[in-house]
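> this one's sequence-less:
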């Protein structure tokens with residue numbers, strides 16, 4: 001039997017051990033590289049079938065401005081047809097208990113004979129709960145309410161040029177909608193035409209009014225003037241009537257809602273000519 005020298009065998013064994021160690025080191029390093037690359041790849045959302053992490057983005061701001069049909073759908077159920085003797089007018093539900101705001105001159109001659117028709121067709125009698133002839137506004141208390149009471153939402157101040165919507169019953173055409181803009185603020189009726197119309201029961205001019213150009217006519221009086229968000233900003237009370245024929249001349253007036261609810265009015269401004277409608 002051939003014998004291998006002890007020194008040669010030991011050297012060969014040492015070489016084999018060193019070779020295995022290098023291989024294991026190389027394999028381990030390679031595995032770490034693969035793990036690092038995989039972690040980077042997955043962490044970056046690059047793996048197939050895995051949704052990318054959501055990223056912050058601006059939240060869309062809902063527009064507060066409504067379309068005119070949206071305004072009508074929102075406020076139409078709050079509008080009421082008023083008949084007081086021979087007078088035809090409009091009212092708007094302004095409180096949860098069904099209290100109705102309207103123009104005083106619509107009901108002043110027939111305060112005990114007021115008939116209401118709500119938007120759902122409900123008919124009821126009403127009495128005058130309060131009146132402010134100097135502002136030409138009154139509140140009505142219905143004897144009966146519709147199954148669902150939808151009060152209008154009270155708005156605030158307006159700027160000249162702001163869009164407005166009027167809803168009313170001009171010439172008996174119920175729930176008519178017209179649009180326009182605020183033409184002026186703090187207007188006073190009766191100054192330019194010399195007519196006595198457009199005044200209060202005491203003969204005083206109405207002041208602190210919103211002037212607007214949305215079309216309104218006899219029967220619109222007491223109806224709501226709304227801003228572009230459908231908020232109640234005024235009660236329609238008069239139109240300019242330079243020809244004396246009660247034809248709409250593009251100038252109408254409303255009592256600001258704050259004044260209509262008892263909050264007072266603004267300062268006098270340039271005047272207009274007003275006819276109660």
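Nice, I can see it. These numbers come from a predicted model, not from an experiment.
> mind checking pLDDT for residue 55?
On the pLDDT scale, residue 55 is placed at 53.
> where are the low-confidence patches of this protein?
Along the chain, the model assigns pLDDT under 70 to residues 1-63, 190-204, 263-277.
> Which strand runs longest in it?
Secondary structure of the chain per DSSP state E: the longest strand is strand 176-187.
> Give the buried residues for that one.
Residues of strand 176-187 classed as buried: 176, 177, 178, 179, 180, 182, 183, 184, 185, 186, 187 (neighbour count, 16 or more other CB atoms under 10 Å). No exception for glycine: its C-beta is placed from N, CA and C like everyone else's.
> How about the secondary structure of residue 165?
With DSSP: H, G, I helix; E, B strand; the rest coil as the basis, the three-state label of residue 165 is strand.
> whoops, residue 77 was the one
On the basis of three-state DSSP, residue 77 is classed as helix.
> Helix or strand: which one has the closest residue to it other than its chain neighbours?
Nearest residue to residue 77 in three dimensions, chain neighbours excluded: residue 150, at 4.0 Å (CB to CB, 6 or more residues apart in numbering). Assessed by DSSP states H and E, residue 150 sits outside every helix and strand.
> List the residues that contact residue 150.
When contacts are counted by CB atoms under 8 Å, 6 or more residues apart in numbering, residue 150 touches 77, 78, 93, 119.
> Take these and write them to TSV, including neighbour count and distance to residue 237.
Formatted as TSV, these follow (neighbours: other CB atoms under 10 Å; distance: CB to CB, whole Å):
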residue	neighbour count	distance to residue 237
77	18	23
78	24	18
93	27	18
119	18	22
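> Out of those, flag the one nearest to residue 113.
Ranked by distance to residue 113 (CB to CB), these are led by residue 93 at 20.6 Å.
> just the helices in this protein please.
6-43, 68-75, 104-107, 257-260 (DSSP state H).
> Give me the distance between the two termini of stretch 65-84.
35 Å (CA to CA, to the nearest Å).
> Any buried residues in it, and which?
66, 71-72, 74-75, 77-84.
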